[in-house]
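Engineer: no sequence for this one, just the structure:
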């Protein structure tokens, strides 16, 4: 989980914290997955993440009332290939089908 105090938001703090993780992932050639709040989604989009799904959780279903529905956007940033080009992000249905098949 990545979070910054509101007074540091929109001032580069999130980018600073993300930079090392993104650089390491690019060197390793791996895809990155995360779940973003509506507040953080623009930050991740700026860094190449693509929304692939949405998770909604309503705690009222478990007896907790008054909080509303929590929404998390599932986002993926494609890996870099050996030529320095970012791989296309697979659609949610395709990725989950491949995972179930063990690919």
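Structural biologist: Thanks, I have it. Keep in mind it's a predicted model, so treat the numbers as computed, not measured.

Engineer: switch to C-alpha atoms for all contacts and neighbour counts from now on
Structural biologist: Noted.

Engineer: how much space between the residue of the chain most remote from its centre and residue 56?
Structural biologist: Within the chain, the residue lying farthest from the chain centre (C-alpha atoms, centre = their mean) is residue 63, at 28.7 Å. The spacing between residue 63 and residue 56, counted by C-alpha to C-alpha, to the nearest Å, is 16 Å.

Engineer: Name the residues of the worst-scoring helix or strand of the chain on mean pLDDT that are buried.
Structural biologist: Counting by mean pLDDT, DSSP states H and E, the chain has its least confident helix or strand at helix 92-100, which shows a mean of 91. For helix 92-100, the neighbour count (16 or more other C-alpha atoms under 10 Å) marks residue 92 as buried.

Engineer: cool, stretch 47-60 as well?
Structural biologist: Applying 16+ other C-alpha under 10 Å to stretch 47-60 flags 49, 50, 51, 52 as buried.

Engineer: And stretch 16-24, by the same measure?
Structural biologist: Neighbour count says stretch 16-24 has residue 22 buried, by 16+ other C-alpha under 10 Å.

Engineer: and it, how far from the chain's centre?
Structural biologist: Centroid displacement of stretch 16-24 relative to its chain, using C-alpha atoms, centre = their mean, to the nearest Å, is 13 Å.

Engineer: Show the low-confidence segments of the chain, by residue range.
Structural biologist: 103 (pLDDT under 70).

Engineer: Show the residue spans covered by the helices in it.
Structural biologist: Listed in chain order, the helices found in the chain under DSSP state H are 13-28, 41-46, 92-100.

Engineer: Could you dump those into TSV and include distance to residue 82?
Structural biologist: As requested, the helices of the chain are exported to TSV (distance: least, C-alpha to C-alpha, whole Å):
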stretch	distance to residue 82
helix 13-28	10
helix 41-46	23
helix 92-100	22
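
Engineer: returning to that earlier point: list the helices and strands the least confident helix or strand of the chain packs on?
Structural biologist: For helix 92-100, there is no helix or strand it packs on, judged by 3 or more C-alpha pairs under 8 Å, 6 or more residues apart in numbering; DSSP states H and E.

Engineer: So what touches it?
Structural biologist: For helix 92-100, the surrounding residues in contact (C-alpha atoms under 8 Å, 6 or more residues apart in numbering) are 52, 53.
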